[in-house]
Every structure is written in structure tokens, then in C-alpha cells.
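> the sequence and its predicted three-dimensional model are supplied below.
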Amino acid sequence: LRLQMAAGTWLDFLASPLAPVFVAVVFLIGGSLYLLHEYRKAQSMRTAYHSAKFWDKRYATIIENGIPGQEWYFLDGEIMDIIERVAKQNDKIHDLGCGQSMLCDRLRAKGFKNLSASDFSTVVIESRTLDEKKRLKMQGAAEMGEIKYVECDLRKDLPDEESSVTVVVDKATLDAIIHRRDEKCKQDAQAVLRQASRLLKPGGVLVSISLNNDEVWNRYCSNPHLVPAEPTSHLVRVIDAGQPKPTKANIYIRRFKRGN
């Protein structure tokens with residue numbers, strides 16, 4: 001009887017003029033809570049991208065579960081072609097914030113032998129170094145060339161000697177650094193670029209693969225060490241970069257003042 005009365009009361013309420021208002025309020029509160037959750041999640045991810053612990057945990061999970069390594073954005077023939085246009089096979093090339101990218105492996109297959117890569121994740125550098133040792137044991141360093149993997153803070157102590165590198169490749173690294181779009185991101189990005197500038201020899205270039213355009217670059221990355229990119233922007237193609245929808249990525253060739 002009580003259940004019938006309660007049901008009747010609820011049905012009477014739904015038939016009243018207040019019902020649409022109630023439903024609207026419920027949807028408004030629910031939608032607001034969802035947006036707040038997504039906002040906090042996004043903020044947390046933006047902060048996490050600056051944390052070596054975040055990447056160590058992520059890479060450890062990937063490696064332990066045998067998940068194929070993630071190639072940020074893509075790695076196709078056009079990137080190889082551009083690098084081949086600005087570097088000779090004996091030139092030194094450095095992959096900035098390499099993660100699990102196969103960029104250096106692909107370059108080695110193209111005949112480049114003077115390759116290095118850096119990242120601040122202990123887990124990924126130890127894993128890449130171990131894989132490289134196994135590969136060299138099977139194939140030989142003299143024949144294939146050795147990839148040097150270095151764990152370091154990209155803002156402070158990039159490996160390789162000053163003015164020794166012909167090409168520094170940034171594939172998604174600076175995008176991750178400036179993800180939060182705040183002053184700290186700007187300081188970190190420019191610190192990394194100062195290190196890249198230090199490594200590059202006269203005539204050397206930064207090859208940058210980025211989802212961002214020159215407006216974002218000029219706001220967060222550009223500093224007195226840089227001159228305008230040449231070319232300004234080379235659009236490769238529309239790619240699925242792990243975003244909610246296909247995303248355009250651009251290849252930039254950027255020259256430092258000291259390199260001209």
C-alpha cells in the first residue's frame with residue numbers, strides 16, 4: 001500500500017508543472033559535475049606530463065604487459081626525407097625526449113650511424129639501452145652503428161658536446177612541455193631550446209614535429225636565440241594522434257641564430 005502511494009505521488013509530481021524544472025536541474029547538476037571531473041582530469045594530465053614519475057609508471061606498465069611502444073604522432077617517410085635533406089649519414093643527430101620512438105632505429109636503417117637520444121624517464125632509458133645492447137650483440141656495432149641513450153633533464157644537461165650536432169629532432173616533446181600553457185611551461189620550453197641551441201653546430205637545425213602552429217611557438221617557445229622558422233610550416237598530412245578526432249601535425253625546420 002505504501003509503495004502504491006509513493007508511486008502515485010511520484011506520478012502526480014511528474015505530471016505537475018514542476019517536473020520539467022526538476023529534470024532540467026538534475027541534468028544541469030549532472031552535466032556540471034561531469035565537466036568539473038573532466039576539467040580536473042585534464043589539469044591532472046597537464047601536470048603529469050612534467051613528472052618523470054608519471055612517465056616511469058606509464059612506461060613500466062607498457063613494458064611489463066608487453067604492449068607495443070607508442071609512437072607519438074607518427075613516423076612516416078616524409079620525416080625521414082626531411083632529415084635526409086638537412087643531414088648527411090655521418091652527421092650527428094639527437095632525438096629530444098625520445099620515449100619509445102623508433103626514430104633513431106629508422107634513421108639507422110637509412111644509413112645514419114651517429115645517433116643519440118635523451119629522456120628524463122629512468123625506466124624508458126634503461127629499457128632502450130638494454131634493447132640496444134641485445135641488438136648490438138646480435139648484429140654488431142660496426143655494421144649497424146650504435147644509438148646512445150641518455151637519461152637527463154632536458155632543461156639542464158642534454159648530452160653531446162657543444163656545437164657537435166647537425167640535427168636535433170623534437171617529436172611531441174615541446175608540445176608536452178607547453179601543454180599547460182602557463183609561465184612555467186614557457187620557462188621550461190625555452191630552457192630546453194637553449195640546450196638544443198648549445199648542442200647544434202653552425203648550420204645545424206631543429207626539426208620539430210608539432211600539433212601547434214607558429215602562433216603558439218612564438219608565445220611559448222621562441223626566445224632571443226631563435227630566428228624565424230624556415231620554412232615557416234610544412235604540413236605533412238592529417239593524422240590520428242590519439243586525440244578525439246584526426247589532428248593536423250606540422251613539420252618545422254627551425255634555425256638558431258648561432259647556426260647562421
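Sure, I can see it.
> state the distance from Arg194 to Lys134.
With the distance defined as Cβ to Cβ, to the nearest Å, Arg194 ends up 35 Å from Lys134. Every residue, glycine included, has its C-beta placed from N, CA and C.
> which of these two has more neighbours?
Looking at Arg194 and Lys134 with other Cβ atoms under 10 Å, you find the greater number of neighbours at Arg194, namely 16 against 10.
> which SS class is that one?
The assignment at Arg194 comes out as helix when based on DSSP: H, G, I helix; E, B strand; the rest coil.
> now swap in the one 10 residues further on and tell me
State at Gly204, reduced to three classes by three-state DSSP: strand.
> per-residue pLDDT, it?
Looking at Gly204, its pLDDT reads 89.
> all helices of the stretch 101-250 of the chain, in order?
With helices called from DSSP state H, counting those that start in this stretch, the stretch 101-250 of the chain shows them at 103-109, 122-139, 141-144, 173-177, 183-199, 214-220.
> mind checking which of those helices is nearest Leu158?
Proximity to Leu158, assessed across the helices of the stretch 101-250 of the chain by Cβ to Cβ, is greatest for helix 183-199 (4.2 Å).
> so Glu84 sits against Lys110, correct?
Yes. Counting by Cβ atoms under 8 Å, Glu84 does reach Lys110; the two are 6.8 Å apart.
> so for those two, which residue has more residues nearby?
Glu84 (15 against 12).
> what average pLDDT does the helix or strand containing that one get?
According to DSSP states H and E, Glu84 maps onto helix 77-86. The average pLDDT for helix 77-86 rounds to 85.
> which residues of the stretch 1-150 of the chain score low on pLDDT?
Judged by pLDDT under 70, the stretch 1-150 of the chain has its weakly predicted residues at 1-14, 19, 22, 33-48, 75-76, 140-143.
> the strands in it, which residues?
93-96, 115-119, 147-151 (DSSP state E, counting those that start in this stretch).
> go ahead and name everything in contact with the second one.
Looking back up the chat, that one is strand 115-119. Strand 115-119 is contacted by residues 55, 92-99, 101, 103-104, 107-108, 125, 128, 145-152, 154, 158-160 when judged by Cβ atoms under 8 Å, 6 or more residues apart in numbering.
> quick one: strands adjacent to it?
When pairing is defined by DSSP bridges, strand 115-119 lines up against strand 93-96 (parallel), strand 147-151 (parallel).
> give me the angle between it and helix 183-199.
160 degrees (axes from the mean of the first three to the mean of the last three Cα atoms, to 10 degrees).
> quick one: buried residues of strand 115-119?
Neighbour-count burial for strand 115-119 flags Leu115, Ser116, Ala117, Ser118, Asp119 (criterion: 16 or more other Cβ atoms under 10 Å).
> for the third one, which residues count as its bridge partners?
Listed beta-bridge partners, Ala117: Asp95, Tyr149 (assigned using DSSP bridges).
> one step back: buried set for the helix holding Glu84?
Neighbour counts over helix 77-86 (16+ other Cβ under 10 Å) mark Ile79, Met80, Ile82, Ile83, Val86 as buried.
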